[in-house]
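S.K.: The following comprises the amino acid sequence and a computationally predicted model.
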Amino acid sequence: MTDLLRNQSGTARDRDPHEPVADVEFETAIARNVRQLRQQLGFSVADMASRVGISKAMMSKIENVQTSPSLSTLALLAKGFDVPVSTLFRGADVERQAAFVKAGTGARIVRNGTRAGHEYELLGSLRGEHKRLECLLVTLSEKSTTYPLFQHPGTEFIYVLEGVMDYAHSRSVYRLHPGDSLQIDGEGAHGPADLIEVPIRFLSVIAFPDSQV
């Protein structure tokens with residue numbers, strides 16, 4: 001069996017169904033702060049564990065959100081880093097954003113080039129620390145003699161739910177069927193080139209770069 005590809009930029013852990021998600025938030029904050037403090041000091045996991053007075057395995061588990069450190073361990077960590085215990089919880093009380101849209105309630109928006117038979121439903125727009133994410137449900141129900149071409153900063157991801165279309169990007173044209181996806185550089189001119197089987201419904205997710213936030 002082929003191993004699954006894993007995203008190395010975050011953490012993952014098993015959670016008991018009865019464990020409140022809020023508890024995981026605290027453990028995640030502790031892991032993030034411990035790793036950051038250790039890296040600021042320039043210590044390896046093994047060296048930091050020795051300085052704190054815990055095992056290397058325990059230190060690794062704390063940084064990877066694989067255990068909930070006891071009060072005594074938190075005290076040792078704070079002493080080892082020479083910081084108040086409260087520093088280890090920094091960021092745990094920050095409310096993280098989410099955008100929830102019930103089916104059929106997304107705002108209908110008008111984009112440049114919008115025409116009869118082309119509908120854009122906003123499924124959510126989230127402005128984070130570094131990027132703005134815009135999610136659209138696009139419905140193309142009528143063929144026409146011309147189709148809009150879009151250009152914008154950032155990266156766009158398209159996932160086809162229904163119908164068949166030819167989608168142009170830069171100098172290429174892609175035949176997209178249900179289940180097909182396309183990820184493109186938004187700076188290249190792009191848009192439907194031909195509607196093969198209507199109606200066509202697809203998700204469009206655009207991640208705008210830092211300068212556009």
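M.R.: In hand now; what should we look at? Numbers count the residues shown, from 1 in each chain.
S.K.: ok, what's across the strand from the residue most central in space within the chain?
M.R.: The residue lying closest to the centre of the chain (CA atoms, centre = their mean) is Leu133, at 8.8 Å. Note on Leu133: beta-bridge partners Leu126, Ala207, judged by DSSP bridges.
S.K.: thought it was touching Pro209?
M.R.: No - here Leu133 does not reach Pro209: they are 11.4 Å apart, not a contact under CB atoms under 8 Å. Just so you know, the C-beta spots here come from the backbone N, C-alpha and C atoms, and that holds for glycine as well.
S.K.: longest helix in the protein, by residue count?
M.R.: Looking across the chain with DSSP state H, the single longest helix is helix 21-41.
S.K.: Gln183 belongs to a strand?
M.R.: Yes - read with DSSP: H, G, I helix; E, B strand; the rest coil, Gln183 is one of the residues of a strand.
S.K.: Tyr159 is in contact with that one, correct?
M.R.: No - taking contacts as CB under 8 Å, Gln183 lies outside contact range of Tyr159: 9.6 Å.
S.K.: So which of these two has more stuff around it?
M.R.: With neighbours defined as other CB atoms under 10 Å, Gln183 and Tyr159 compare such that Tyr159 has more, 16 against 11.
S.K.: Name the SS class of that one, please.
M.R.: Of the three states, Tyr159 takes strand under three-state DSSP.
S.K.: same deal with the one 4 residues further on?
M.R.: Gly163 carries the three-state label strand when classified by three-state DSSP.
S.K.: where's it relative to Glu197, distance?
M.R.: As for Gly163, its distance to Glu197 is 5 Å (criterion: CB to CB, to the nearest Å).
S.K.: Among the two, which residue is more densely surrounded?
M.R.: Gly163 (19 against 11).
S.K.: what does the model give the more buried one for pLDDT?
M.R.: We have a pLDDT of 96 for Gly163.
S.K.: same deal with Phe150?
M.R.: What the model reports for Phe150 is a pLDDT of 87.
S.K.: So what's the residue count around it?
M.R.: With other CB under 10 Å as criterion, Phe150 counts 16.
S.K.: how near is the closest residue to it other than its chain neighbours to Gln151?
M.R.: Leaving aside its sequence neighbours, Phe150 sits nearest to Gly191 (CB to CB, 6 or more residues apart in numbering; 5.4 Å). Distance of Gly191 to Gln151, computed by CB to CB: 9 Å.
S.K.: Repeat that for Met48.
M.R.: Using CB to CB, we find Met48 at a distance of 48 Å from Gln151.
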